[in-house]
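Chemist: Build me a structure from this.
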Amino acid sequence: MAKKFSDSDLQNLPDCAVEFVRLVIRKMGYRKKVRADVQTELAAHFEDELRDCKTDTEKEKRAQRLIDEFGDVKLLAVLLRRAIKRCRPLWRTVVARSFQTVGILILCLIVYCIYISLGQPTIGINYVEKLMLMTRPVADESQNAAPLYQKAIDAFKEPPLVEDEIGTEKSLLVAIRDKDWIDDLDDNELSALKQWISDNSEAINLFEQASHRSYCWWNRRAEDNIVLDVLLPELNEMRSFARLLCWRAKLRAFDGDAGGAFDDLLTCYRAGRHYKGPRFLIEQLVGITVQAMSAGTAMTILNNQQVESNLLKSFQAELEKLMAEDTFIMDLNAEKFLALDFIQRCYTNNGSGSGHMIPSSVGAFPYFEFGGFENSVLNYSQFLAVALVSADRGNMSREFEKIYDTAQEWTYKTPWQLREENVDLEMGMDKWSRLKQIQYWPVMVLLPAFVRASEIGHRSKIGFEALLTIVALLRYHQDNGQYPQNLAELIAGDYLKQLPMDSYSAQTLIYKRTDGDFIIYSVGPNFTDDGGTVAEDGGILQKWGTKEQGDIVFWPEPKSLVKQQQ
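Modeler: Residues are numbered from 1 along each chain as shown. As a prediction, this is how the structure comes out:
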């Protein structure tokens, strides 16, 4: 049982000895039990030396002599402490050292947590402004289509409500979303469609004027100039205008005005082209969607109406001209700005390109939610833990740059080329260790679906090349009374400038004559010719990531195509 400090050990000692022993024990600064043991031993030592003394005076003198022999009190305390340490068992030494090490590590961790918590970002670049400059190729505002688009949006009237068979009112576009052609509409729907088109005559006129302008740049705004917060309020309205124009084109073609119908579709194409180039992926995808609506509507019209050869030729020539000036390659620079803006706002900059993650900045940055804790302390603890293991600013920047540069190179390659080159579409990230995934978690979170977006661009291209080929085939049929044996005859007869290449093979789109008609299709994302069998989801906008049997059939038009596009 541990001994406690008491005067019993010192009762028989002179005052000078008692004072000396207590001073030594105090200077030792060791555990209580050990100090009690040392006190007992020192007291016993003095008692042994003083046992022969007859008087108190003699005891006092001999005790003082012993004290002088012991020397400096502080040095004696140190020597005693060291002797005790040398004599204790090994396991106790290991335990003691382990606790000391853990304590030091905890202290270092606390200091480091305080250090990274006090970090402040240095906002040196306004990436929102850089984005605006990148999308504004000229300074002449008269060439900018955005103000006219905004006027068209302001003048736009929403589609009216119509009653279905059971008397429930719903938006016109909702009511007719499963219908492809004018003959499919009932009287109420047709009347509402005509009224909607009439109500938007001014807005359509402004939209058409805007589509003819050379460029389009919007004065984007974002709170605190955070790229992720950039507002894109007009995108939904652009899709609405495309739906409006496509239905007007169908109505015009149905009423015998195929030329007017093609003008509406070319307006859609030009408007979609305004959203190509160095913009956010969502903007580029909206541009592709608007154009895809026009392509799908053109095929619907050609399936349902006989169009004169001269009108077909004129439409084809204008479309070829627009496509020659267009790009179907995704631009990733705006998306890179998003990543770089995140880094400058959530990492310190120590002047050498490095720096650590700032937990409070990550917690305040839009987009990131790890656990949804309502308690602010728990939320901050999560971000602090993330910051402790995250790669530094320099390494994070280099990782982002490498991935974006690689992804941009891939956008120039077709899905077939990527497959043939056995490209690792995961860029090795699926093989990262768990530790590296944690260290580079922003890369895992912020990167968009590059490959999918790039594939959409290539699909859009083959869709329009298929449309040009279909128009050329219809012209050939009107002029010759039959369809050609192969697509090369279209080139030879000056009906087509170049053969349509399939992005999913090293060959052209597949063309076959049938009984009085023809079929033209792509082998699709399974890279296999399934004989023109339409995939389950069919059409140019076939479900992403599917590898089921089936081709992307452009003609005859799959009935589900327009439904998917709208």
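
Chemist: okay, CA-based contacts and neighbour counts for the rest of this
Modeler: Noted.

Chemist: M501 and L245: what is the separation?
Modeler: Computed as CA to CA, to the nearest Å, the M501 to L245 distance reads 29 Å.

Chemist: ignore the last one, I67
Modeler: As judged by CA to CA, I67 and L245 stand 109 Å apart.

Chemist: cool, and D405?
Modeler: 38 Å.

Chemist: Next: L50.
Modeler: 117 Å.

Chemist: more crowded one of those two?
Modeler: L245 (26 against 22; other CA atoms under 10 Å).

Chemist: SS state for that one?
Modeler: Following DSSP: H, G, I helix; E, B strand; the rest coil, L245 is assigned to helix.

Chemist: Need the pLDDT of it.
Modeler: What the model reports as pLDDT for L245 is 97.

Chemist: Packing partners of the host helix or strand of Q291?
Modeler: Take DSSP states H and E as the rule and Q291 turns out to sit in helix 281-304. With contacts taken as 3 or more CA pairs under 8 Å, 6 or more residues apart in numbering; DSSP states H and E, helix 281-304 sits against helix 235-254, helix 258-273, helix 450-480, helix 560-565.

Chemist: which residues of the stretch 401-550 of the chain score low on pLDDT?
Modeler: Along the stretch 401-550 of the chain, the model assigns pLDDT under 70 to residues 535-549.

Chemist: Can you list the residue ranges for helices in it?
Modeler: 415-420, 434-439, 441-446, 450-480, 488-492 (DSSP state H, counting those that start in this stretch).

Chemist: Report the buried residues of the second one.
Modeler: Same thing as helix 434-439. Q437, I438, Q439 (16 or more other CA atoms under 10 Å).

Chemist: F315: which of those is nearest?
Modeler: Q437 (51.9 Å; CA to CA).

Chemist: Can you tell me the closest non-neighbouring residue to that closest one?
Modeler: Leaving aside its chain neighbours, Q437 sits nearest to M444 (7.5 Å; criterion: CA to CA, 6 or more residues apart in numbering).

Chemist: do you know how far the one you found is from E421?
Modeler: For M444, the distance to E421 - CA to CA - is 24 Å.

Chemist: what's the burial count for the nearest residue to E169 once chain neighbours are set aside?
Modeler: Closest residue in space to E169, ignoring its immediate chain neighbours: E163 at 4.4 Å, by CA to CA, 6+ apart. E163 has 14 neighbouring residues, counting by other CA under 10 Å.

Chemist: Give me the pLDDT value at E163.
Modeler: Listed pLDDT for E163 reads 83.

Chemist: Does it touch K170 like I think?
Modeler: Yes. In this structure, E163 is within contact of K170 by CA atoms under 8 Å, at 6.4 Å.

Chemist: the bottom helix or strand of the protein by mean pLDDT?
Modeler: Across the helices and strands of the chain, the lowest-confidence element by mean pLDDT, DSSP states H and E is helix 560-565, at a mean of 39.

Chemist: got a list of what L338 touches?
Modeler: Y127, V227, L228 (CA atoms under 8 Å, 6 or more residues apart in numbering).

Chemist: want to throw those into CSV with distance to P147, pLDDT and neighbour count?
Modeler: Output for the contacts of L338, formatted as CSV (distance: CA to CA, whole Å; pLDDT from 0 to 100; neighbours: other CA atoms under 10 Å):
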residue, distance to P147, pLDDT, neighbour count
Y127, 23, 91, 19
V227, 22, 88, 24
L228, 24, 85, 18
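
Chemist: ok so, going back, distance of the residue nearest to E169 relative to I519?
Modeler: From E163 over to I519 (counting by CA to CA), the distance is 38 Å.

Chemist: One more: G259?
Modeler: 25 Å.

Chemist: again with S505
Modeler: In this view, S505 and I519 are 17 Å apart by CA to CA.

Chemist: Just want to know which of these two has more residues nearby.
Modeler: Of the pair S505 and I519, S505 is the one with more neighbours under other CA under 10 Å, namely 21 against 17.

Chemist: Could you double-check that the more buried one sits in contact with Y521?
Modeler: No. The criterion here is CA under 8 Å, and S505 misses it with Y521 at 11.6 Å.

Chemist: picking up where we left off before, residues touching the residue nearest to E169, list them.
Modeler: Contacts for E163 (CA under 8 Å, 6+ apart) come out as E169, K170, N188.

Chemist: Closest one of the residues you listed to A44?
Modeler: Distances from A44 to these, taken by CA to CA, are shortest for K170, at 103.2 Å.

Chemist: May I have the beta-bridge partners of that closest one?
Modeler: V162 (DSSP bridges).

Chemist: Now do it: how many residues are near it, please.
Modeler: Neighbour tally, K170, other CA under 10 Å: 14.

Chemist: right, and it touches V162 too?
Modeler: Yes. Using CA under 8 Å, K170 is in contact with V162, at 5.6 Å.

Chemist: Contacts only, for R475.
Modeler: Neighbours of R475 in contact, by CA under 8 Å, 6+ apart: S309, L312, K313, Y495.

Chemist: Repeat the analysis, applying 6 Å as the threshold.
Modeler: S309 (CA atoms under 6 Å, 6 or more residues apart in numbering).

Chemist: same check, this time on the one 4 residues further on
Modeler: Under the criterion of CA under 6 Å, 6+ apart, D479 has no contact partners.

Chemist: now, which of the contacts of E163 sits nearest A155?
Modeler: The shortest approach to A155 among those belongs to K170, at 22.0 Å (CA to CA).

Chemist: Could you tell me which ranges of the stretch 151-300 of the chain sit under the pLDDT cut-off?
Modeler: For the stretch 151-300 of the chain, no range has pLDDT under 70.

Chemist: Now do the buried residues in stretch 522-532.
Modeler: Residues of stretch 522-532 classed as buried: S522, V523, G524, P525, N526, F527, D529, D530, G532 (neighbour count, 16+ other CA under 10 Å).

Chemist: oh, I was asking about stretch 438-445
Modeler: Neighbour-count burial for stretch 438-445, counted by 16+ other CA under 10 Å, picks out I438, Q439, Y440, W441, P442, V443.

Chemist: For stretch 145-158, give me every contacting residue.
Modeler: N200, A203, L206, F207, A210, R213, C216, W217, W218.

Chemist: Domain ranges for the chain, per the record?
Modeler: Annotated domains of the chain cover 7-88, 333-447, 450-566 [automatic domain parsing].
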